[in-house]
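Asks: sequence and predicted model, in that order:
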Amino acid sequence: MITIITLGTNIGAKSREDGRAFDELRNLKIEAGVLERADGSAYLEFGGNKVLVAVYGPKESFIRRFQRPDRAYIRCRYNMAPFSVDDRKRPGPDRRSIEISKITAEALQPAVILEKYPRSVIEIFIEVLEAEGGTRCAGITAASVALADAGIPMKDMVVACAAGKVDGQVVLDLSEVEDKDGQADVPVAILPRSGEVTLLQSDGNLTTAEFEKALDLAIKGCNQISEVQKEALKKRYGE
Amino acid sequence: MVNKMNIVPEITRKSITHLINNEERVDGRAMDEYREISLETGVISKAGGSARVKIGNTQIMVGTKPQIGEPFPDTPDVGVLMTNSELLPMASPSFEPGPPDERSVELSRVADRCIRESQMVDLDKLCIIPGKKVWMVFIDLHILDYDGNLMDAAVLGAVAALKNTMIPEVKVVDNEIIIDHENMKPLPIREEVVMCTFAKIGEQLVIDPSFDEEEILSARLSIGITASDKICAMQKGGDSPLTKEEIMNAVKITESKSKELMKYLEC
Amino acid sequence: MKAKSGDFVLPGDILGVSEQFIPAEWTYDDEGEIKSLVVGVVSRDDKNKRISVVPQTDSPAELKNDTHIMGQIMEVRGQRALVKIDSIKGNRRKLQVSFVGGIHVSQAKKGYLSKLTDAFHIGDIIEAKITKMIGLDSIDLKTSQNELGVIKAMCTRCRHFMKQTGKNDVTCPHCDNREKRKLSSNYQV
């Protein structure tokens, strides 16, 4: 019984829906040290995504079974604000956010010197304030900056970016519309200095050649984003 | 073993109380002075309306979502307002992930009462088909950084977000609802409302308590007041009682201070 | 490729090679390359061949010798008082794990103290200084300085905080109980 009239969209246009080149990132802005109470924090805008990350710790772990005698562990909570998506999201974790929390902690872990803080926990809280495709990568990228802002020792700063296939073409950094209409989405996180991959997912159909192209493209995107991470910390702490 | 005790407030209690008894505050404010306030609206484009409010270092993001739903059976021909808040663990080491605890529920209920009882939103105009379909407006308070006085920030942010909220024009033709996203209109707003919160520390009442002040307050009083000076909500908190004189004094200060807060809502 | 003192560096930035320098604070040796672990400024000590980074961010709270800590007395038995260490004085960040330190009777105050119960009781909030740390589980503290000692004394009879009534005396405002303590010059009530 409900009819919806929406604003006209230009789906069906030849180039990418927002006019970007196949290897072009959306606009990116990162700011370090934006919250008062958290030990470290970062705010990131990436296309239409708005993500805020806070880091606490290393601090005492009250969950015994996660405690490690010889090192710290990372606990991550990825959460979407109810108003961050088109239809209001019910507050609280769902299966998707629990999975993203887990792989985010695993993606960041290889960079952090956990051995320095036995028995403790480092907590990372990722809040998606507005979502427009690629929030998990945005969360990881911002979390690295927040970890550095908290003074937590790291070998490198993990950075993440996705590539995928839209309209039969392999492209960098899928927007929300492209993710929905596309054939595949491959989020990747790397340690930029060594090029090692710390997060890899793939959702959709790709040939081996297409996959390799997507991976190369995502790594190229990561390296560009890495420079913006560094700028954010330079701006906050350099002279 | 001794009881688990938060010892930092025990150490700061004397110096803060001593200053306040001499009508001074740690951050140099007067007894009736707010911290710096900033308010931006329309910051989340996917929300129906949104506002980011800061009072000192306290920071809240508020987003609204208008949806079409069924009215409550006892009020079949008015729209519905729903207020929800999340004290995010990012905002303070003392906030835990998980379902809303009592502090979070109190915050959303007080903010909800303040907005509802002020009759700020004309809910009659949000009815689409009496008894069947009405607009439901969800107000979500996302607490990002906690440095005291969440109540005043929550109400200020929620009112700004409601004023910023646009809903599509709807028509009912042959019992079918036609939603026209090309014609958006603001929510029907009558008059604005703000909240002023006081903390009793030592023998004094101070407005807009900071985190350190909240940690040691003995009583708290929040007063909601409309632009036309109608008191529409109150909430007393804290372990100690207040005298009638203290309460009336707070009401008087609220009457004048609310005008200052209202200025942030103009635009 | 050799970093100079004063250079601004980020985690992973190369500072030099391990043939040239010994990696010191906030650096690490990554297969022969010395790299920064934090956002900070390089400090190069050419005489001692050490290279370190001075963090420009806040750093995690770390207990070391001479750190002033705030804590609460958990137990007083025989020659030792056990202290639950709550935080580093003036640092808001939480400690990495729950630390317990001990104050030996000889370290409680200047001069001779016959019984430790004349200095501390359970529940007292104190400020103390770390004198020795072995691992995470053995921490020695002392309070034998004017500004160190009890900041707030808890009445052993009724558990209220007590008022200072003499150089080493406190009185409970609720039950008039009088007790002895090693008080800090910053006593709070």
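Replies: Ah, there it is.

Asks: distance between the helix ranked longest in chain A and the chain's centre?
Replies: Of all the segments of type helix in chain A, defined by DSSP state H, the longest one is helix A:208-237. Its chain's C-alpha centre and that of helix A:208-237 lie 11 Å apart, by Cα atoms, centre = their mean, to the nearest Å.

Asks: again, but for stretch B:51-71
Replies: For stretch B:51-71, the separation from the chain centroid amounts to 9 Å (computed by Cα atoms, centre = their mean).

Asks: and that stretch, which residues are buried?
Replies: B:51-66, B:68, B:71 (16 or more other Cβ atoms under 10 Å in any protein chain shown). For the C-beta atoms, the positions are set from N, CA and C on the backbone; glycine is no exception.

Asks: just the terminal-to-terminal distance for stretch A:35-44.
Replies: Distance across stretch A:35-44, first residue to last, is 13 Å (Cα to Cα, to the nearest Å).

Asks: quick check: mean pLDDT of it?
Replies: For stretch A:35-44, the mean per-residue pLDDT is 97.

Asks: right, is that stretch up against chain C?
Replies: Yes: Stretch A:35-44 is in contact with chain C by Cβ under 8 Å from any Cβ of the partner chain, via A:39-40.

Asks: which positions within that stretch qualify as buried?
Replies: A:35-44.

Asks: low-confidence stretches in the chain?
Replies: All of this is about chain A. Scanning chain A for pLDDT under 70 picks out A:1-14, A:239.

Asks: can you look at chain C instead?
Replies: Scanning chain C for pLDDT under 70 picks out C:1.

Asks: tell me which residue is most central in chain A.
Replies: In chain A, the centroid-proximal residue (Cα atoms, centre = their mean) is residue A:137; its distance is 2.2 Å.

Asks: that one and residue A:189 touch, don't they?
Replies: Yes: Residue A:137 lies in contact with residue A:189 (Cβ atoms under 8 Å); the separation is 7.1 Å.

Asks: shared neighbours, these two?
Replies: Listed as contacting both residue A:137 and residue A:189 by Cβ atoms under 8 Å, 6 or more residues apart in numbering or on different chains are residue A:160.

Asks: burial check on the spatially closest residue to residue C:115 that is not a sequence neighbour, number of neighbours?
Replies: Spatial nearest neighbour of residue C:115, chain neighbours left out: residue C:105 (7.8 Å); criterion: Cβ to Cβ, 6 or more residues apart in numbering or on different chains. Residue C:105 has 19 neighbours, counted by other Cβ atoms under 10 Å in any protein chain shown.

Asks: residues contacting residue C:105?
Replies: The neighbours of residue C:105, taking Cβ under 8 Å, 6+ apart as the test, are C:79-80, C:113, C:115-116, C:119.

Asks: these in strands, which ones?
Replies: If you go by DSSP state E, these have residue C:80 in strands.

Asks: give the PyMOL command for selecting the buried subset of the contacts of residue C:105.
Replies: To isolate the buried ones among the contacts of residue C:105 in PyMOL, judged by 16+ other Cβ under 10 Å, type:
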select buried, chain C and resi 80+113+116+119
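
Asks: save the contacts of residue C:105 as CSV, and put in distance to residue B:112 too.
Replies: Listed next are the contacts of residue C:105 as CSV, based on distance: Cβ to Cβ, whole Å:
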residue, distance to residue B:112
C:79, 59
C:80, 54
C:113, 59
C:115, 59
C:116, 55
C:119, 53
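
Asks: residue A:169: which of the contacts of residue C:105 is nearest?
Replies: Closest approach between the contacts of residue C:105 and residue A:169, by Cβ to Cβ: residue C:80, at 72.6 Å.

Asks: hey, what's the residue nearest to the closest one when sequence neighbours are not counted bridged with?
Replies: Distance criterion Cβ to Cβ, 6+ apart; nearest residue to residue C:80, sequence neighbours excluded, is residue C:102 at 4.8 Å. In this entry, residue C:102 is beta-bridged to residue C:82, residue C:140, by DSSP bridges.

Asks: any idea how far residue C:102 lies from chain A?
Replies: Distance, residue C:102 to chain A, by Cβ to the nearest Cβ, to the nearest Å: 19 Å.

Asks: check which helix or strand the spatially closest residue to the residue nearest to the centre of chain A that is not a sequence neighbour maps to.
Replies: Leaving aside its chain neighbours, residue A:137 sits nearest to residue A:160 (3.8 Å; criterion: Cβ to Cβ, 6+ apart). Per DSSP states H and E: residue A:160 is located in strand A:159-166.

Asks: dump the C-alpha coordinates for that strand into PDB.
Replies: C-alpha atoms of strand A:159-166 as PDB (Å, rounded to 0.1, in the frame of the first residue of the first chain):
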ATOM      1  CA  VAL A 159      46.100   0.500   6.000                       C
ATOM      2  CA  ALA A 160      43.100  -0.900   4.200                       C
ATOM      3  CA  CYS A 161      41.400  -0.400   0.900                       C
ATOM      4  CA  ALA A 162      39.000  -2.400  -1.300                       C
ATOM      5  CA  ALA A 163      38.900  -3.200  -5.000                       C
ATOM      6  CA  GLY A 164      36.300  -5.000  -6.900                       C
ATOM      7  CA  LYS A 165      34.500  -5.700 -10.200                       C
ATOM      8  CA  VAL A 166      31.700  -3.400 -11.500                       C
END
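
Asks: angle of that strand against helix A:208-237?
Replies: Here strand A:159-166 runs at an angle of 140 degrees relative to helix A:208-237 (axes from the mean of the first three to the mean of the last three Cα atoms, to 10 degrees).

Asks: indicate the residue of chain A located nearest to chain B.
Replies: residue A:83 (2.6 Å; Cβ to the nearest Cβ).

Asks: and the residue nearest to that residue when sequence neighbours are not counted, bridged to which residues?
Replies: With Cβ to Cβ, 6+ apart as the criterion, residue A:83 has its nearest non-adjacent residue at 2.6 Å, and that residue is residue B:63. Beta bridges link residue B:63 to residue B:50, residue B:140, judged by DSSP bridges.

Asks: contacts only, for residue B:63.
Replies: Listed by Cβ under 8 Å, 6+ apart, the contact set of residue B:63 reads A:81-84, B:44, B:47-50, B:139-140, B:142, B:161.

Asks: swap in residue C:65?
Replies: Going by Cβ under 8 Å, 6+ apart, residue C:65 touches C:130-133.

Asks: returning to that earlier point: would it be right to say that the residue of chain A closest to chain B lies in a strand?
Replies: No: counting by DSSP: H, G, I helix; E, B strand; the rest coil, residue A:83 is not found in a strand; it is coil.

Asks: need the contact list for it.
Replies: A:130, B:44, B:46-48, B:50, B:63-65, B:138, B:140, B:142.

Asks: repeat that for 7 Å
Replies: Residue A:83 sits next to B:44, B:46-47, B:50, B:63-65, B:140 when contact means Cβ atoms under 7 Å, 6 or more residues apart in numbering or on different chains.

Asks: how about it, phi and psi?
Replies: When read as degrees, to the nearest 10, the backbone of residue A:83 gives phi -90, psi 10.

Asks: chain A contacts on the stretch 1-150 of chain B?
Replies: By Cβ under 7 Å from any Cβ of the partner chain, the residues of the stretch 1-150 of chain B that approach chain A are B:44-47, B:50, B:57, B:61, B:63-65, B:67-68, B:84, B:86, B:88-93, B:97, B:99, B:138, B:140, B:142, B:144-147.

Asks: tell me which of the residues you listed fall in strands.
Replies: B:50, B:61, B:63-65, B:67-68, B:84, B:86, B:138, B:140, B:142, B:144-145.
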